[in-house]
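# The following comprises the amino acid sequence and a computationally predicted model.
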Amino acid sequence: MADTAAPNGNGAQGQDLAPAINALAQYAKDLSFENPNAPRSLQPQEGGPQINIQVNVNAQQIAEADFEVELTLEGDAKIQNEVLFAFELKYAGIFRMRNIPQEQIHPAVMIECPRLLFPFARQIVAEAVRNGGFPPLYIDPIDFVGLYQQKMMEAQAQGGQPGAPLAS
């Protein structure tokens, strides 16, 4: 019988060499929804609300190849400076990076991992807003590449090292 082991000797046919990002866990770390003017805020209003949303991504290395990535979605809806609702969600995941070149780990962690988390976080926000008595708020897709590039430019402008650190 012929030996079909891969050159790396582990018996896999080159599969272990492919770059991979594995989501090991996903979880809500913090969720807050406020409806401070209910039931008045639930009455029909003239015009649509002004919706403000902020997005932030933080990551920290927790093992040699494992990273905790936290996506924060924070926002509110107002009509004439009166808050209809406000929310904050910190949604995180543990991701394992395999066979990714060292210089690509930071962008992968800060772009690809939040991109994987976003649909789940978006749904949690939509359901929280709906459960608060409003139509669900479906947040538009986020350009995580643009967000990453903006953060790197800000870090360079402040004299920081681009690509470092991963910790919040």
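Thanks, I have it.
# What count of nearby residues applies to residue 79?
With neighbours defined by other C-beta atoms under 10 Å, the count for residue 79 comes to 15. In this view, the C-beta of every residue, glycine as well, is placed from N, C-alpha and C.
# Which stretches in this protein count as helices?
102-107, 113-131, 144-157 (DSSP state H).
# Can I get those helices in TSV including mean pLDDT and distance to residue 75?
As requested, these are exported to TSV (pLDDT from 0 to 100; distance: least, C-beta to C-beta, whole Å):
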stretch	mean pLDDT	distance to residue 75
helix 102-107	94	26
helix 113-131	97	8
helix 144-157	91	15
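# buried ones in the longest strand along the chain?
In the chain, with assignment by DSSP state E, the single longest strand is strand 82-98. By neighbour count with 16 or more other C-beta atoms under 10 Å, strand 82-98 contains the buried residues 84-95, 97.
# can you check stretch 123-130 too?
124-125, 128-129.
# same deal with stretch 39-47?
In stretch 39-47, counting by 16+ other C-beta under 10 Å, buried: residue 41.
# For it, measure first residue to last.
End-to-end distance for stretch 39-47, by C-alpha to C-alpha, to the nearest Å: 18 Å.
# for the record, mean pLDDT for it?
The predicted model assigns stretch 39-47 a mean pLDDT of 78.
# Other residues contacting it?
For stretch 39-47, the surrounding residues in contact (C-beta atoms under 8 Å, 6 or more residues apart in numbering) are 35, 79, 82-85, 133-134.
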